[in-house]
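K.L.:
Next comes the sequence, and after it the predicted model I'd like to discuss.
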Amino acid sequence: MPSQPSKALERFPNPHPERDYVVHMDMPEFTCLCPLTGQPDFAHFLLDFIPGEYNVELKSLKLYLWSFRDEGAFHEAMSNRIADDIIQLIQPRYLRLLGRWYVRGGISTDLLIEHRQPGWENPEILSQLPVVHWTRQQPGY
């Protein structure tokens, strides 16, 4: 039986909780629906996080993102919901989610969400995060 979409995000223990390291995920195939027109909306998400005690399991993340295909929501609500669900699941030391929503009606939308655990600070590793480019460098991106 092929996989099915699911809202059930899973986690696994961080194999190196004593160390700050960055996990970078590139998720270019997100789809949901416009809540006003019902037409498809497409986004490219870039996720960076520094895990605490847990990491997000990749297959569950894929099925979770797929589960929004037939759900309607505004870009801001959807991006924040995804960030909130991941934060609640893994409680990262740091998380940054960039949502790059494709052009609709001649307008593209980018959303940047950031979260830090209270009291956590590591400016050296944060300086190593991939640079967020607010300008689109590829057509349709």
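P.N.:
That came in fine, so what should we check first? Source: prediction; values computed, not measured. Numbers count the residues shown, from 1 in each chain.

K.L.:
make it CA atoms for all contacts and neighbour counts henceforth
P.N.:
Fine.

K.L.:
quick one: contacts of the longest helix belonging to the chain?
P.N.:
When every helix of the chain is counted residue by residue (DSSP state H), the longest turns out to be helix 75-90. Outside of helix 75-90, the residues within contact range by C-alpha atoms under 8 Å, 6 or more residues apart in numbering are 9-11, 51-56, 95, 97, 99, 101, 109, 111, 113.

K.L.:
again, 6 Å this time
P.N.:
Contact partners of helix 75-90, identified using C-alpha atoms under 6 Å, 6 or more residues apart in numbering, comprise 54-55.

K.L.:
Next, the buried residues of it.
P.N.:
Neighbour counts using 16 or more other C-alpha atoms under 10 Å place 75, 78-80, 82-83, 86-87, 90 of helix 75-90 among the buried residues.

K.L.:
Stretch 38-53 now?
P.N.:
By neighbour count, with 16+ other C-alpha under 10 Å as the criterion, the buried positions of stretch 38-53 are 41-53.

K.L.:
Stretch 114-126 too?
P.N.:
Of the residues in stretch 114-126, those buried by neighbour count under the rule 16+ other C-alpha under 10 Å are 115-116.

K.L.:
Can you tell me what sits against that stretch?
P.N.:
Applying C-alpha under 6 Å, 6+ apart, the set of residues contacting stretch 114-126 is 93-96.

K.L.:
Now do it, average pLDDT.
P.N.:
Taken as a whole, stretch 114-126 has an average pLDDT of 93.

K.L.:
Stretch 53-61 too?
P.N.:
The model assigns stretch 53-61 a mean pLDDT of 98.

K.L.:
ok now it, how far from the chain's centre?
P.N.:
Shown here is stretch 53-61, whose average C-alpha point lies 12 Å from the average C-alpha point of the whole chain (C-alpha atoms, centre = their mean, to the nearest Å).
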